[in-house]
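Engineer: any chance you can model this:
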Amino acid sequence: MTFLPEALSPDPREQGIHPADTQAAQNYAEIRQECRDKLNAFNTSQAYVFLRNRGYGTEVYTYNFFQRWLDGLLARRINYLANRENELLLLAMQARNEELHAKARQMGSAS
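Structural biologist: Next up, the predicted model:
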């Protein structure tokens with residue numbers, strides 16, 4: 001990889017690209033990829049998906065004492081509650097990233 005001195009490197013503004021736009025696009029892509037990678041890890045854990053599908057830790061989770069006890073053992077073993085919080089945070093971050101990207105595209109096309 002070669003590096004050009006700033007005087008020789010092409011100015012993005014001359015090419016119709018604003019540096020803030022390229023930085024925003026790069027940030028969007030990085031956040032999008034990070035969310036995809038980390039969310040994929042949640043979906044590959046069978047125990048995690050099992051508890052999530054049962055609604056463990058929510059108000060809809062209504063199983064008998066023995067099932068709750070077994071699910072609780074499994075949840076503690078895989079740190080389910082902390083991982084669920086992280087997953088929900090990643091989902092919110094992903095949604096916000098997509099929302100901001102769509103808003104920026106609308107503003108870019110309106111100009």
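
Engineer: got the contact list for residue 105?
Structural biologist: Residue 105 is in contact with no residue at all, counting by CB atoms under 8 Å, 6 or more residues apart in numbering. From N, CA and C alone the C-beta is placed, and that goes for glycine too.

Engineer: can you say which helix or strand has it in it?
Structural biologist: In the assignment (DSSP states H and E), residue 105 maps to helix 80-110.

Engineer: chain center to that helix: distance?
Structural biologist: 7 Å (CA atoms, centre = their mean, to the nearest Å).

Engineer: enumerate the positions of that helix that are buried.
Structural biologist: For helix 80-110, the neighbour count (16 or more other CB atoms under 10 Å) marks 80, 83-84, 87, 90, 94, 97, 101 as buried.

Engineer: for stretch 32-42, same thing?
Structural biologist: Buried, per 16+ other CB under 10 Å, within stretch 32-42: 35, 42.

Engineer: spatially speaking, which residue is in the middle of this protein?
Structural biologist: residue 35 (2.5 Å; CA atoms, centre = their mean).

Engineer: which of the three states applies to that one?
Structural biologist: helix (DSSP: H, G, I helix; E, B strand; the rest coil).

Engineer: what of residue 62?
Structural biologist: Residue 62 ends up coil, using three-state DSSP.

Engineer: chain center to the least confident helix or strand in the chain by mean pLDDT: distance?
Structural biologist: Ranked by mean pLDDT, DSSP states H and E, the weakest helix or strand in the chain is helix 19-44, scoring a mean of 86. In terms of CA atoms, centre = their mean, the centre of helix 19-44 is set 7 Å apart from its chain centre.
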